[in-house]
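Colleague: My questions are about this predicted structure, shown below with the sequence.
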Amino acid sequence: MAVKDQILTDEYAIYNGDCIEVMQSLPDEKIHLSVYSPPFGGLYHYSSDERDLSNSSNYTEFFEHYEFVVRELNRLTMSGRITAVHCTDIPSGNTGRDYLTDFPGDIIRLHERTGWHFIARHTIWKEPLWVRNRTLTKSLAHRTVVDDGAYAGVASADYLLVFRKRGGNPKPVTHPIGLTRYAGEAPLPPDALKFKGFEGDQKQNKFSHHVWRRYASSIWDDIRMNRVLPFQDCKDPDDEEHVHPLQLDVIDRVICLRSQPGETVLTPFMGVGSEVFGAVIAGRKGIGIELKESYFRQAVANLSKWKDFELNDSIQEELFQESEADDGEG
């Protein structure tokens, strides 16, 4: 299957096509970082295309196909560099889907047998009522607790699983003056804010030290859940109603921690362009691949705004207000 469409600029390259075929056309060990959300083991179905991993006939077949993606990413990634996978536990009950499958654990085991070391897991906290309103999950309704607490659910966390390709890193990811920005909703203390933009000895940079304590935590409870790119206009009539892009705070953190300006960030499941968007506004090069045409079109539209986003805070507020207004199902 040939690439249906592509956009190539100085900052990013995005492709409407099959991720395996596009990745096979890329050279070995030129990617510095990959960040993405894989289809969640067939939990959601994104299209009717037989090449879509979400259309696997069962969970086992999904992982058989997903392994090709993980192995291609390993080939493309520089020695000692990072891939970060966003995922969650997935419901698997046939009656009410009220028990869980350890999807993150299966992802970890797949990476460990295909050339990666598992080095970190960030738990992304989600507010229960927000999850209930988005997903309409019966077990998260207060009424379920009232009727039978044995069937009461929890708002499952998301996870960012971080893997390093085996071998030494030939180009260290340095932060000579520390971390220079914070992506999150927790207020920073005044003594730290005074050092924002600081360019001296990193040992004195209280802003960086405070941000690092947030980023190095195993639990990220300060992610802005609705800080996502617009996505509703790209949804086809048969799409899952609760499909939601990865939060830009999550993307920004892993890109700033795990790569350097000018390096290349890849996402094999681009969706509406979030990871590529996050890469270019952080001064990296982005490569994105998306099979579904309507998602690709939305990614084109979103990425057309990146320069305005970077230079104008009011554009940022307008963009996220548009996403929050769209995010009204349930």
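Modeller: Yes, it's here.
Colleague: can you name the farthest residue from the center of the protein?
Modeller: residue 147 (36.3 Å; CA atoms, centre = their mean).
Colleague: Quick check: residue 210 touching residue 196?
Modeller: No. Between residue 210 and residue 196 there is no contact under CB atoms under 8 Å: 10.1 Å. C-betas here are computed from N, CA, C, even on glycine.
Colleague: The two: which has the busier surroundings?
Modeller: Per other CB atoms under 10 Å, whichever of residue 210 and residue 196 has more neighbours is residue 210, with 19 against 15.
Colleague: Apart from its neighbours in sequence, what residue is nearest the more buried one?
Modeller: residue 192 (4.1 Å; CB to CB, 6 or more residues apart in numbering).
Colleague: who's in contact with the one you found?
Modeller: When contacts are counted by CB atoms under 8 Å, 6 or more residues apart in numbering, residue 192 touches 206-207, 209-211.
Colleague: residues near residue 61, how many?
Modeller: By the measure other CB under 10 Å, the count of residues near residue 61 is 13.
Colleague: Can you show me the CA trace of the helix or strand hosting it as PDB?
Modeller: Secondary structure here is read from DSSP states H and E; on that basis residue 61 sits in helix 59-76. What follows is helix 59-76 as a C-alpha-only set of coordinates in PDB (Å, rounded to 0.1, in the frame of the first residue of the first chain):
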ATOM      1  CA  TYR A  59      -5.800  -9.900  22.000                       C
ATOM      2  CA  THR A  60      -3.200 -12.500  21.000                       C
ATOM      3  CA  GLU A  61      -3.400 -11.500  17.300                       C
ATOM      4  CA  PHE A  62      -3.100  -7.900  18.300                       C
ATOM      5  CA  PHE A  63       0.300  -8.600  20.000                       C
ATOM      6  CA  GLU A  64       1.500 -10.700  17.000                       C
ATOM      7  CA  HIS A  65       1.000  -7.600  14.800                       C
ATOM      8  CA  TYR A  66       2.100  -5.100  17.300                       C
ATOM      9  CA  GLU A  67       5.500  -6.900  17.700                       C
ATOM     10  CA  PHE A  68       6.300  -5.800  14.100                       C
ATOM     11  CA  VAL A  69       5.900  -2.200  15.200                       C
ATOM     12  CA  VAL A  70       8.100  -2.600  18.300                       C
ATOM     13  CA  ARG A  71      10.900  -4.400  16.300                       C
ATOM     14  CA  GLU A  72      10.900  -1.700  13.600                       C
ATOM     15  CA  LEU A  73      11.100   1.000  16.300                       C
ATOM     16  CA  ASN A  74      14.100  -0.900  17.700                       C
ATOM     17  CA  ARG A  75      15.800  -0.900  14.300                       C
ATOM     18  CA  LEU A  76      15.200   2.800  13.800                       C
END
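Colleague: Could you give the separation of stretch 190-199 from the chain centroid?
Modeller: Between the mean C-alpha location of stretch 190-199 and the chain-wide mean there is a distance of 28 Å, by CA atoms, centre = their mean, to the nearest Å.
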